[in-house]
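Novice: Based on what follows, work out the 3D shape:
(one chain, ligands or ions: 1)
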Amino acid sequence: MKKVITYGTYDLLHVGHINLLRRARELGDYLIVVLSTDEFNSIKNKKAYHSYEDRKIILEAIKYVDEVLPEYTWEQKIQDVVDNDVNVFVMGNDWEGKFDFLKEYCEVVYLPRTEGISTTKIKGDLHK
Ligand code: C2G
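Specialist: A predicted model of the protein is given here:
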């Protein structure tokens, strides 16, 4: 079984997230999403609207997602890849090159982001 892993906050779910998850899942047979906890979001200077628990329930309802695990730190990726026998690490290309250290452990794929949509844009548009 070819296992794929990806990371993110996945707040205010939108088509950019779904496009990423679909393409990531298509690279293997099983997709693990490592979801930023509320505490880690504050380290990323992000404030999610939905709690970790709610973001986890939402992600688990997506047909492309097989498993959701918590992301607590920047430093857990190697351990996650090894512990879960991951073959492919995937992120949107806003992260291009940032996780190439994982190439020792698995394939590293950066996928084109979906243009014109982001959680930040949604929040901004709603305030207009
Ligand atoms: N994404 C995308 N297109 C968009 C918006 C997001 O392809 N228009 C992708 C991002 O590139 C990322 C995933 O969707 O791969 C989740 O995006 P975020 O929730 O913003 O994740 P981020 O805060 O970048 O978290 O350790 C890594 C971090 O946890 C990444």
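Novice: residue in the chain nearest to the ligand?
Specialist: Closest to the ligand within the chain is Gly92: 1.8 Å, counting by Cβ to the nearest ligand atom. Any C-beta I mention is one placed from the backbone N, CA and C, and that applies to glycine too.
Novice: separation between that residue and Tyr7?
Specialist: 10 Å (Cβ to Cβ, to the nearest Å).
Novice: Equivalent analysis for Glu75, please.
Specialist: With Cβ to Cβ as the criterion, Glu75 and Tyr7 are 12 Å apart.
Novice: who's more crowded, the two?
Specialist: Per other Cβ atoms under 10 Å, whichever of Glu75 and Tyr7 has more neighbours is Tyr7, with 22 against 7.
Novice: Doesn't the more buried one belong to a helix?
Specialist: No. Using DSSP: H, G, I helix; E, B strand; the rest coil, the assignment for Tyr7 is strand, not a helix.
Novice: Start at 46, not 1
Specialist: From this message on, residue numbering opens at 46, which makes the last subject Tyr52.
Novice: Per-residue pLDDT of it, please?
Specialist: For Tyr52, the pLDDT comes out at 98.
Novice: Quick check: Asp83 touching Glu98?
Specialist: No. Contact criterion Cβ atoms under 8 Å: Asp83 and Glu98 do not qualify, at 9.1 Å.
Novice: Please identify which of these two sits among more neighbours.
Specialist: Asp83 (15 against 10).
Novice: what packs against the longest helix seen in the chain?
Specialist: In the chain, with assignment by DSSP state H, the single longest helix is helix 60-70. Applying 3 or more Cβ pairs under 8 Å, 6 or more residues apart in numbering; DSSP states H and E, one finds that helix 60-70 contacts strand 48-53, strand 75-81, strand 133-137, strand 152-156.
Novice: so what strands line up beside the second one?
Specialist: Applying DSSP bridges, strand 75-81 is found paired with strand 48-53 (parallel), strand 112-116 (parallel).
Novice: Between helix 60-70 and it, find me the angle.
Specialist: Going by axes from the mean of the first three to the mean of the last three Cα atoms, to 10 degrees, strand 75-81 is angled at 140 degrees with respect to helix 60-70.
Novice: repeat for the last one
Specialist: Between the direction of strand 152-156 and that of helix 60-70, the angle (the same axes, to 10 degrees) works out to 150 degrees.
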